[in-house]
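*Asks:* whatever this is, show me its structure:
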Amino acid sequence: MRKVLCAPVILVALSCILMAADSYPDLLQILPVTARAGQTIPNFKVIGTHFENFQKIEFRKGTGVDKLIKMTKIVKKDPNYVVVQVEIPSGVTGKRAVVVLTSAGTTVITFTPENTFEILPHSEKKPDLKIRQITWGTTSDSSGNLARVSVQNAGGTPVRNFKIDIYLDGKKKLRYTYAPILPAGSTMVIEPPGFRIPNTKGWYTVKAIADPENKIEEESEENNSLAVPFDQPADEFIIPSGEHATYALTKLKTAPNFILKDYRSRPYTFYDYRGKPALLVLGAMWSTYMQVETAALNQLLTDYQSKGLQIFQVLYDDLDSSDTTLKSPTPELLKVWVDSNNLAFPVLADTADTDFAHSAYSRYQSEYQPMNYIINSDGTVQALLQGFNSTDLNTALDNAK
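*Replies:* Residues are numbered from 1 along each chain as shown. Just a heads-up that it's a prediction; the model follows:
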C-alpha cells in the first residue's frame, strides 16, 4: 500500500478507550420483522455482533418480558447471528422489542425498525405473496450490480418453496427458489444470485414475479409482480490496474457501488443513497490529515444541511502506521473513532484486507490521505480532491448538484 502525505500517528487516547470496550451483544436486524399470532416461526433470525455465549432471546413490551412468546429451539448460532424457533400464542399481538441475552450481558432495549418485532392479529386467510420493493443490491464486480427484492407474505398462513422470476428489460434472466418458510405477515429480502443491473449508462427496468406459475393458492393473484425502473446516469468509473483515481478519470462518471458495514455491522449500500449530494471520504485512521478532516466533517454536515448533503467515511486501514499491509479497523476500534469524534454520519470499515476485489479501496483506488469524492445527487462524481483543504472542499460542495 502506498501511504502518502501523512506522518505516522498513534492515537493514545483512542487506544485507551478501546481497551475499555465491552462485548455486549449488538442487534443489527431481525428477520422476519412481522408475523401472525398463533403460529410457529421455525427460522427466526437475529443478525448482529458479539453473540458468543448466546443464551436466549426475549420479547419485551415496555420494560417487561412477554413470557407468552417462547423460544423453543436453537436452530443455529454464530458470533454474528442466531436462528431460533419461536412460538406465538393466538391472542398475542402488537410490537415487541427483541433482546439477545448472552453470558456477557444483554442488548440495550431500544425500539427501532431493526429490532422491533410486530405481531399481527391471527388470520384464517390463505397466503398472499407480494413483491414489495426492488432496490440496488450489493456490489458485485465490474459487470454490474445485484438487485435486492423484498417479498411479503401478506396472508394468514405460512408458505414455503415458491419461485420468483426476475426480468431485465422484459427478458427473463433467472428463476430463484425461496425454500425456507415465509411466515404469515412477514417480509424477507433476497438478492438473487447471478443477476446484474448493468453499470453502463441507460435506463433499465427490473421486474420480479412471485409464484409465476400460480402453484400456490393465494388470497389474491393480482399483486404478485412489481417492475421498477433504474437510472444509471453514466458509466461507472473504472480505474485501470496499477493506476490511481484522478479527476480526469472520475469527472461526471458514476461513483461505483459498494456495501460496507459500520461498527454495529449495519450494512450500507451506497446506491441506496442517491437523490442527494454526497461527500465520500476514503482514508486510513493513522493519517494525520484524515484525523484533521474527520474533526471538521460534522461542521460540514451542518453547513450544507439545506443542500441535503450526506457524508460517508470509509476507513481501509487502522491506526498501525508501521504495518505496510492494509488492515481494516475492527468494529471496536471503529466505534471508538465514531464516539471520540462525536460523528453524526456513517463511518464504514472497508474490506481491503479480507475481500480486496470488492473493497472501496480497490474500486476507488485511493492514493492520498484522505481522498474526497464529491458526488452529485444522480450518483456522478462532481469533483475529486486529494488530501484535505477546507477551502477547496467548500468550493466543490458549493458546485455539487
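*Asks:* closest to the centroid, which residue in this protein?
*Replies:* In the chain, the residue lying closest to the centroid (Cα atoms, centre = their mean) is residue 267, at 2.2 Å.
*Asks:* test my guess that that residue contacts residue 258.
*Replies:* No: using Cβ atoms under 8 Å, residue 267 makes no contact with residue 258, being 10.2 Å away. Where C-beta positions appear, they are placed from N, C-alpha and C, glycine not excepted.
*Asks:* show me what contacts residue 246?
*Replies:* Contacts for residue 246 (Cβ atoms under 8 Å, 6 or more residues apart in numbering) come out as residue 384.
*Asks:* before we move on, back to that, residues in a beta bridge with the residue nearest to the centre of the chain, which ones?
*Replies:* In this entry, residue 267 is beta-bridged to residue 261, by DSSP bridges.
*Asks:* could you check the pLDDT of it?
*Replies:* Per-residue confidence at residue 267 stands at 83 (pLDDT).
*Asks:* try residue 277
*Replies:* What the model reports for residue 277 is a pLDDT of 95.
*Asks:* mind listing what it touches?
*Replies:* 304, 307-310, 374-377, 382, 397, 400-401.
*Asks:* filter the residues you listed down to the buried ones.
*Replies:* Buried members of those, scored by 16 or more other Cβ atoms under 10 Å, are 304, 309-310, 374-377, 382, 397, 400.
*Asks:* what about those, which are in strands?
*Replies:* 310, 374-375, 382 (DSSP state E).
*Asks:* list the helices and strands the helix or strand in which residue 151 is found packs on?
*Replies:* Counting by DSSP states H and E, the element that carries residue 151 is strand 144-153. Here strand 144-153 touches strand 129-141, strand 162-168, strand 187-190, strand 202-210, going by 3 or more Cβ pairs under 8 Å, 6 or more residues apart in numbering; DSSP states H and E.
*Asks:* just checking, residue 318 touches residue 329?
*Replies:* Yes: counting by Cβ under 8 Å, residue 318 does reach residue 329; the two are 4.5 Å apart.
*Asks:* which stretches in the stretch 1-150 of the chain count as strands?
*Replies:* 26-31, 34-36, 40-49, 54-61, 64-65, 70-78, 81-87, 94-102, 116-120, 129-141, 144-153 (DSSP state E, counting those that start in this stretch).
*Asks:* quick one, which of the ones you listed gets closest to residue 323.
*Replies:* Ranking these by their distance to residue 323 (criterion: Cβ to Cβ) puts strand 40-49 first, at 24.0 Å.
*Asks:* show me what counts as buried in that closest one.
*Replies:* Those buried within strand 40-49 under the rule 16+ other Cβ under 10 Å are 40-49.
*Asks:* nearest to residue 387, out of the strands of the stretch 1-150 of the chain?
*Replies:* strand 129-141 (26.1 Å).
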